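*Asks:* requesting a structural model of the entry that follows:
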Amino acid sequence: MQQLAVLNSAAAAQTFADYCLTQGWSVSVVVHSAEHAEIFCEAADEPQVAAELQQFLQQPGHDKYSAAAWQRSQPLQHTGSSGLGALGQGFLQQTGPVVWLLTIPALLVFVCLQIWPQQVFDSLRFFSADAPELLSYRWWSPVLLHFSAAHLMFNLLALWIYGGRLEVWLGSRQLLLLALVAGFVSNLSQFLLTGPNFGGLSGVVYAIFGFVWVYGWRYPQQPLQLSKPDLVLALGFLGLGFADLLWVNTANWAHLSGFVCGMALATLARSPVRQPG
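*Replies:* Below is the predicted model:
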């Protein structure tokens, strides 16, 4: 086999290879990382595969590629289980380690918060007169604090749906960078404008919304897109929060700064696929 291309998305490379295999072309993928994968093909198939790759680079989100990937995944799914179990297995495959890294601590902190509310809050809250140290985990720790089950579930659902897609398509490093930058910016903004009594992953979630929205606008042919209903819901919730029309207190400045932060980072993100040279 000979090298045909290098893509900066392992997920994209595998999707393309799945389609080629359904066409009877001999194609393989060597994954070095989530952001680096090589595509190889037999010399006899190179003209067809190279021509198809050009189409894929223009429209990686085309239905025929996702359909082929689904078709190729079927034997792995049919293991004697069905219903919610199979659905859950497929759902778990659409994410990565960074989503888990945010989910598990948030769940554990929420449980501990029900048992030792003041102690946990004091340990994870942003800086205050009692915790003035500047070189500290407190720049980020408020993202783990959730004060209701609904608050936690909404954030985790959005994280798994859009954060998971982002991590699968662009890699764990991209999502980790987004979470660290947005967590820092949103926490600092909320603190400067309202004080240290806040918490939640919403700033990071809104950063994911902003990133996916702008990234999808920049690269409309790739599958990482924020649906219009979800965009309207996110912006509507943000507007209602600033108008003080919600039934709960919300960290409005964390939401807004996170959203803007995600949009800004998306303008710097590179195209999801490329060829060498």
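*Asks:* I'd like to know how many residues surround residue 47.
*Replies:* Residue 47 has 10 neighbours, counted by other Cβ atoms under 10 Å. For glycine as for every other residue, the C-beta is placed from the backbone atoms N, C-alpha and C.
*Asks:* ditto for residue 53
*Replies:* Other residues close to residue 53 by other Cβ under 10 Å number 21.
*Asks:* and residue 148, by the same measure?
*Replies:* Neighbour tally, residue 148, other Cβ under 10 Å: 11.
*Asks:* what does the one 4 residues further on give?
*Replies:* Taking other Cβ under 10 Å as the neighbour definition, residue 152 ends up with a count of 21.
*Asks:* swap in the one 10 residues further on?
*Replies:* Burial measure for residue 162: 22 neighbouring residues, criterion other Cβ under 10 Å.
*Asks:* that one contacts residue 212, correct?
*Replies:* Yes. When contacts are counted by Cβ atoms under 8 Å, residue 162 is listed as touching residue 212 (5.4 Å).
*Asks:* overlap of the contact sets of the two?
*Replies:* residue 226 (Cβ atoms under 8 Å, 6 or more residues apart in numbering).
*Asks:* and residue 83, what's its pLDDT?
*Replies:* With respect to pLDDT, residue 83 has a value of 41.
*Asks:* host element of residue 28?
*Replies:* Assigned by DSSP states H and E, residue 28 falls within strand 27-33.
*Asks:* in the helix or strand just after that strand, what counts as buried?
*Replies:* Counting by DSSP H and E, the next helix or strand C-terminal to strand 27-33 is strand 36-41. By neighbour count on 16 or more other Cβ atoms under 10 Å, the buried set for strand 36-41 is 37, 38, 39, 40, 41.
*Asks:* contacts made by stretch 230-241 with the rest, please.
*Replies:* 162, 206, 209, 213, 246, 250, 252, 255, 256, 259.
*Asks:* and it, how far from the chain's centre?
*Replies:* Relative to its chain's centre, stretch 230-241 lies at 19 Å (Cα atoms, centre = their mean, to the nearest Å).
*Asks:* for residue 24, phi and psi?
*Replies:* phi 90, psi 10 (degrees, to the nearest 10).
*Asks:* from the chain's centroid, how far away is the helix or strand harbouring residue 241?
*Replies:* Using DSSP H and E, residue 241 sits within helix 228-242. Once both centres are worked out by Cα atoms, centre = their mean, helix 228-242 turns out to sit 19 Å from its chain's centre.
*Asks:* domain ranges for the protein?
*Replies:* For the chain, automatic domain parsing gives the domain ranges 2-81, 94-268.
*Asks:* now stretch 95-115: mean pLDDT?
*Replies:* pLDDT averaged over stretch 95-115 gives 93.
*Asks:* give me phi/psi at residue 7?
*Replies:* According to degrees, to the nearest 10, residue 7 has phi -110, psi 150.
*Asks:* per-residue pLDDT of it, please?
*Replies:* The confidence metric pLDDT takes the value 83 at residue 7.
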